[in-house]
Structure formats: C-alpha cells, structure tokens
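> no sequence for this one, just the structure:
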C-alpha cells in the first residue's frame, strides 16, 4: 500500500497492533490492518551566528516546518518563536552555502544559516 500524502504534512508509518487503527490528519480514526499513523512535520536545523546566537541563547535551533516550506516561512516561524529576531533589519539566510531568497523551498536535509549584519572597518 502506498504511503499517503497530504499537503503540508509528512507522514510516518509504524507497524503495530494498536487496535488496528489509522489516525488521520483530520483527527478521525479509521479501522485498518496493523498500522498506526503518527503525524509529523519536518524539522530543519538552523545555525545561528553573532547577534542571532545572542538573542536566542543557542548556536543552532530546530524549526518545525510543513513540507514545501520556503525561506520566508522559516523566517516567519523564527520571528514567532524568537520575537527579538524580528528587530534585525538586514538578516540574511544561507541555504547550502549560498544566499537564499524568501521564495526558495527548503528540505529537511538543507544546511541553513542565519547571517546577521556585519560591521567593521
């Protein structure tokens, strides 16, 4: 049987005899053969440097995102989870070593880094 897909959700299957139930994303339970479905969203790891590390108190954070999320979605989630980051005016995002636009789609295996403004002389 193929793995079911739903927009914005990654499904993980676990074989078990748990009342022969299948839990759907809408919360309904269906009778099914020896499968119990656990819903999960993908998580991306984000490396933090400079002021972003200072504001979050961490050098890296795991950010849960729906499948098909973009850099813009990531920034929105980070601003929601860490409101102080929204005050950084010229925060850049690098994906796999290259600067990324807000429309770029993300995958769970991408290397993501927040690049804060740099000053010096």
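The structure has been received and is ready for your questions. Predicted model only: the values in this text are computed from it and were never measured.

> Helices along this structure, start to end?
Under the criterion DSSP state H, helices of the chain are mapped to 50-56, 71-81.

> Out of these, which gets nearest to residue 114?
Closest to residue 114 of the helices of the chain is helix 50-56 (CB to CB; 4.6 Å). In this view, the C-beta of every residue, glycine as well, is placed from N, C-alpha and C.

> Could you list the buried residues of that closest one?
When burial is assessed from 16 or more other CB atoms under 10 Å, helix 50-56 yields the following buried residues: 51, 52, 53, 55, 56.

> What lies in contact with that helix?
Contact partners of helix 50-56, identified using CB atoms under 8 Å, 6 or more residues apart in numbering, comprise 48, 59, 82, 84, 85, 88, 91, 114, 116, 117, 118.

> Farthest pair within those residues?
That would be 82 and 118, which, of these, are the farthest apart (CB to CB) at 19.9 Å.

> Report the beta-bridge partners for residue 115.
Counting by DSSP bridges, residue 115 forms beta bridges with residue 92.

> For burial, what's the neighbour tally of it?
One way to gauge burial is a neighbour count; for residue 115, by other CB atoms under 10 Å, it gives 16.

> Then residue 79?
For residue 79, which is what you asked about, the neighbour count (other CB under 10 Å) is 15.

> So which residues of this structure form strands?
Counting by DSSP state E, the chain has strands at residues 10-15, 21-23, 29-31, 35-40, 42-48, 60-65, 92-95, 98-99, 112-115.

> Residue 108 is in contact with residue 44, isn't it?
Yes - between residue 108 and residue 44 a contact is recorded at 5.8 Å, counting by CB atoms under 8 Å.
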